[in-house]
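Give me a model of this one.
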Amino acid sequence: MNAPPPLPATTDDWSEDDVSAYLNQPLLDKGRPMAGTEGMSIQQIEDDVLRGGRFRIFRYNFSVIVMSFQRGTEMRYFRAGQGTGAHAWPWTLLSMVVGWWGFPWGILFTFQTIYTNCMGGKDVTPELLGAIVGPQRATGIMAQAHKPQADMMLWLLRIFVLLIPLGIYAAIAGAEHTPR
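From the prediction side, this is the model:
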């Protein structure tokens, strides 16, 4: 990530114009605005984080018999009120199909992945803000920030995941009671 350097712990040497110019820069990743922050300055991102915006990473995993791999997606910013569920679904489904085949780590990684994604992904906002604006400022912002709410797509993913064991149980119980 090619983020601007963080604000120093003390901005005594900085003029109001220096701080303002810094906060009016876009947040860049490899020379482009970070996904989800297009058209936003660092100051606008800070303000949106206060209303519930968050930087998230989703997990996915895949296995090949004795080898299992767990990875994270690229970091993405979700503005306040923007749901994360639509981004959680594909990575969760991928992991449910190809993640659990490796023993034992594939099974464990799959459960971790499903849990993390059903909770809206891994929230990396405090760490990223700390790197961009300094730990003190980031701590102050996060202390005042509203907690984001789960959206309908995320609730549907949670329900879907919870219904899988019930479906398996129903299939097994139904097979036991089938006349032969």
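
Mind listing what's buried along stretch 60-68?
By neighbour count with 16 or more other CB atoms under 10 Å, stretch 60-68 contains the buried residues 60-63, 68. For every residue, glycine as well, the C-beta is placed using N, CA and C.

Only the C-alpha atoms, please, for the helix or strand of the chain with the lowest mean pLDDT, written as PDB.
Within the chain, judged by mean pLDDT, DSSP states H and E, the helix or strand with the poorest mean is helix 16-23; its value is a mean of 86. In PDB, the C-alpha atoms belonging to helix 16-23 read as follows (Å, rounded to 0.1, in the frame of the first residue of the first chain):
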ATOM      1  CA  GLU A  16      -2.700  24.100  10.100                       C
ATOM      2  CA  ASP A  17      -2.200  24.100   6.300                       C
ATOM      3  CA  ASP A  18       0.200  21.200   6.400                       C
ATOM      4  CA  VAL A  19      -2.200  19.000   8.400                       C
ATOM      5  CA  SER A  20      -5.100  20.100   6.200                       C
ATOM      6  CA  ALA A  21      -3.100  19.300   3.000                       C
ATOM      7  CA  TYR A  22      -2.200  15.900   4.400                       C
ATOM      8  CA  LEU A  23      -5.800  15.000   5.300                       C
END
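
And that helix, what's buried?
For helix 16-23, by 16+ other CB under 10 Å, it's 22-23.

Run through the helices of this protein in chain order.
Secondary structure of the chain (DSSP state H): helices located at 16-23, 42-50, 85-98, 105-118, 125-133, 135-144, 152-176.

Now distance to Arg79 too, for those helices, in JSON lines please.
Formatted as JSON lines, the helices of the chain follow (distance: least, CB to CB, whole Å):
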{"stretch": "helix 16-23", "distance to Arg79": "18"}
{"stretch": "helix 42-50", "distance to Arg79": "6"}
{"stretch": "helix 85-98", "distance to Arg79": "13"}
{"stretch": "helix 105-118", "distance to Arg79": "19"}
{"stretch": "helix 125-133", "distance to Arg79": "12"}
{"stretch": "helix 135-144", "distance to Arg79": "15"}
{"stretch": "helix 152-176", "distance to Arg79": "15"}
